[in-house]
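> Here's my sequence, what's the structure:
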Amino acid sequence: MKKELDFVKDMFDKIAPRYDFLNRLLSLRQDIFWRTQMVKAAGLAPDSRILDVACGTCDVALEAFSRLRGRASVVGVDFSLGMLHLGKTKISGTKGIALVNGDALNLSFRPDTFDAVFIAFGIRNIMDRKGAVEEFYKVLKPGGRLAVLELSTPEKGILRRIYLAYFRKILPMIGSLFSKDDHAYSYLPESVLKFPSAVDFSKTIKAAGFRDIRFRPMSLGIVTLFVGIRQ
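As a prediction, this is how the structure comes out:
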C-alpha cells in the first residue's frame, strides 16, 4: 500500500503544473460546475470550519471561502507538495485558508473540529476508503456534513460506450500530450472503472457512522456527488 501511495503522490507532483488546465479542457469546464454543486450541498453556515481533503490546487477551498464571503476558516490537506505549491500561489493574499501537507488516513486534527469535510476527485486514489471516511467522521462535529465528489461511469446504453471510448483512448492521449506524463492519464480511467458503484460506496459511508446519506449523479452520470451527516 505504501508503494502505491508513493506512486500516486509522485504522479500528482509531476502533473501539477498542467492540472488545472487539463481539468478544464478534459471536462469541458464542467469541473467548475461540479465543485460549485458540491459546496452548495454542504449547506455551509457563516463562520464554518471547513476541511478540504486532497485539496489539490485549492479550487474547492476557494469556492467554499467565496460562497461564505470570507466568513469561514478553511484548511486544505494534500500529500502532494507539487499541488500544494500551486494552491499556495492561488490563495495568496486570501486570509482564512491554510494548507497542510498530510495524509487522508492520518488527519492531524482534533476530533469534532470541522463543520464540513470535502474531498473532490480524491477518494478513488485511496485504497482504504473505509479508513479515510472514518477519519472524516472523527474530525467532523456532530451534525457536520461530508461531501464527496468523484468521477463515475454511466451505467448502460450508448452513452456508456461513447464515454468509455473517450475515457480509454482519447483522454489519455490528450492528457499525455499536455502533461508530458505518459502514465497519469491512463491511470485515471483505470482508477475510475475500479471505483465501486454509488450504492456500494454509500454503504461504505454508512458503515463509518454517517446518516441521511444520499448521492446524486451529474452530467449524465460521469460524476457522482455523495453527502452524509455525522451522527
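
> what about residue 95, how many residues close to it?
Neighbour count of residue 95, defined by other CB atoms under 10 Å: 9. Just so you know, the C-beta spots here come from the backbone N, C-alpha and C atoms, and that holds for glycine as well.

> Now it: closest residue in space that isn't a chain neighbour?
The spatial neighbour of residue 95 that comes closest, neighbours along the chain excluded (CB to CB, 6 or more residues apart in numbering), is residue 70 at 7.8 Å.

> Wasn't the one you found part of a strand?
No: counting by DSSP: H, G, I helix; E, B strand; the rest coil, one finds residue 70 to be coil, located in no strand.

> For it, give its distance to residue 48.
12 Å (CB to CB, to the nearest Å).

> Mind checking which of the two has more residues around it?
residue 48 (21 against 12).

> Without its sequence neighbours, what residue ends up closest to the more buried one?
Residue nearest to residue 48 in three dimensions, not counting chain neighbours: residue 115, with 4.2 Å by CB to CB, 6+ apart.

> three-state assignment of that neighbour?
Taking three-state DSSP, the label given to residue 115 is strand.

> Find me the pLDDT at residue 182, would you?
Looking at residue 182, its pLDDT stands at 65.

> Listing partners with orientation, what would you give for the strand ranked longest in the chain?
Using DSSP state E to assign secondary structure, the strand with the most residues in the chain is strand 140-151. Its sheet considered, strand 140-151 pairs with strand 114-120 (parallel), strand 223-230 (antiparallel) by DSSP bridges.

> outside of it, which residues touch it?
34-35, 38-39, 41-43, 112-121, 123-124, 133, 136-137, 188, 192, 195, 201, 205, 210, 222-231 (CB atoms under 8 Å, 6 or more residues apart in numbering).

> and after it, which helix or strand comes next?
Later in the chain than strand 140-151, the nearest helix or strand by DSSP states H and E is helix 157-165.
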